[in-house]
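>>> What shape does this take:
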Amino acid sequence: MEDHFSSIRFLLISALIVMVGVIIASMVGMDIQEESKGVAKPTFLFLWLFTSTGKLFSFVQFIGFFGPLIGIFLGFDSINRERVSRTLSKLLSQPIYRDSVINAKFLAGAALIAIVLVAIVLIISGLGIRLIGVVPGSEEVSRLVIYLIISILYISFWLGISILFSVVFRSTATSALASLAVWIFFSFFVSLGAGFLANAVAPVSQSGTGMALEVVEKHEKVMRVTSYLSPMNLYNDATSTILNPMRKATKLTFVGPMEQLSMSRFQNPLPLLQSLVIVIPHLISIVAITVLCFGVCYLVFMRQEIRTV
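Residues are numbered from 1 along each chain as shown. Below you'll find the model as predicted:
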């Protein structure tokens, strides 16, 4: 952790994330302040600071897209940098277990991720209280805590990916490029591939007229299942459902009149426990891929030969 705190790279990326997050929250808070003048403030108004898109994009979308960069920048040179500078062999020549090294690398990065996320959420919360004049209730605070847990696990997955490439590749540039390539693949190409695969399996015309209901359902199911191969889609759907009590599902299958009818029948917000039940599969998936990624990294590191010369 001391190495990270003294790193200019970590300070710059953290300052950039905090600055952009505060700017987004300020713009959203001022818009909410203008729109809520002279009217009764709706319930869960405080959560709009994190979910409202405003003029750009929401804070949740920002963390979902750029949050992985924190994990990548924290871990892409954690092992190979020490291997190249020959400090790793000197470290392991001391009475230190080898697994303590890889565990400390991951836990230190996860702790810093938690510190940055908690700090930015607290800053936005304080700024939002001042702008919109609404104090969050206990349920809103609980939803924010769950959101923080999901975000820490999500960025820790990318930390594990970057540490894995740092263990596999000896060059820091190669591990950084490999980590960024995985991030770009999951950010853009999985969603595009989901659309192409759904159109190939169950083609649907743009107008949708004259299409069988079974074909539309199959198209949406294939697209949904394929898109969930991306951790980013898992994270976005889980956090959007947790921070929006009016959302009854992670994804809407039907569009048009059927969707409007369904939404008109269920206007009351969901309790926290029911929202949590909806996102439990997503949360389990994020935990599973994070543990799996670090497990592979741990296994590769423990089996590698580390020369003392």
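
>>> contacts, neighbours, all on C-alpha from now
Will do.

>>> quick one, helices of this protein?
2-5, 8-35, 48-51, 59-75, 80-84, 87-92, 98-132, 138-168, 172-184, 190-201, 213-227, 231-243, 257-265, 272-303 (DSSP state H).

>>> Just the residues contacting the first one, thanks.
Yep, that's helix 2-5 we're talking about. Applying C-alpha atoms under 8 Å, 6 or more residues apart in numbering, the contact partners of helix 2-5 are Phe10, Leu11, Leu74.

>>> With the fourth one instead?
Helix 59-75 is contacted from outside by 4, 9-10, 13-14, 21, 24-25, 49-53, 105-106, 109, 113, 151, 154-163, 166, 176, 179-180, 183, 187, 232, 235-236, 239-240, using C-alpha under 8 Å, 6+ apart.

>>> just the buried members of the residues you listed?
The neighbour-count test (16 or more other C-alpha atoms under 10 Å) applied to the contacts of helix 59-75 identifies 10, 14, 21, 24-25, 49-53, 105-106, 109, 113, 151, 154-163, 166, 176, 179-180, 183, 187, 232, 235-236, 239-240 as buried.

>>> thinking again about what came up before, the contacts of helix 2-5 into a markdown table, with extra columns for pLDDT?
Shown next, in a markdown table, are the contacts of helix 2-5 (pLDDT from 0 to 100):
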| residue | pLDDT |
| --- | --- |
| Phe10 | 81 |
| Leu11 | 83 |
| Leu74 | 89 |
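
>>> Would you mind putting those into a markdown table with distance to Leu272 alongside?
Shown next, in a markdown table, are the contacts of helix 2-5 (distance: C-alpha to C-alpha, whole Å):
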| residue | distance to Leu272 |
| --- | --- |
| Phe10 | 35 |
| Leu11 | 35 |
| Leu74 | 33 |
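
>>> With respect to Val287, which of these is nearest?
Each of the contacts of helix 2-5 was scored against Val287 by C-alpha to C-alpha, and Leu74 proved nearest at 19.4 Å.

>>> Burial check on the closest one, number of neighbours?
With neighbours defined by other C-alpha atoms under 10 Å, the count for Leu74 comes to 27.

>>> same question, Asn80
For Asn80, using other C-alpha under 10 Å, the count is 22.

>>> Tell me if I'm right that it and Leu164 touch.
No - counting by C-alpha atoms under 8 Å, Asn80 stays clear of Leu164, with 10.3 Å between them.

>>> closest to Ile124 among the contacts of helix 2-5?
Leu11 (18.9 Å).

>>> tell me the contacts of Pro203?
Applying C-alpha under 8 Å, 6+ apart, the residues near Pro203 are Val215, His219.

>>> distance of Ile23 from Ile113?
20 Å (C-alpha to C-alpha, to the nearest Å).

>>> cool, and Leu299?
Taken as C-alpha to C-alpha, the span from Leu299 to Ile113 is 23 Å.

>>> just Glu214 next, same as before
Distance from Glu214 to Ile113, by C-alpha to C-alpha: 44 Å.

>>> give me the number of residues near the spatially closest residue to Gly128 that is not a sequence neighbour?
Nearest residue to Gly128 in three dimensions, chain neighbours excluded: Gly29, at 6.0 Å (C-alpha to C-alpha, 6 or more residues apart in numbering). Neighbourhood size, Gly29 [other C-alpha under 10 Å]: 26.
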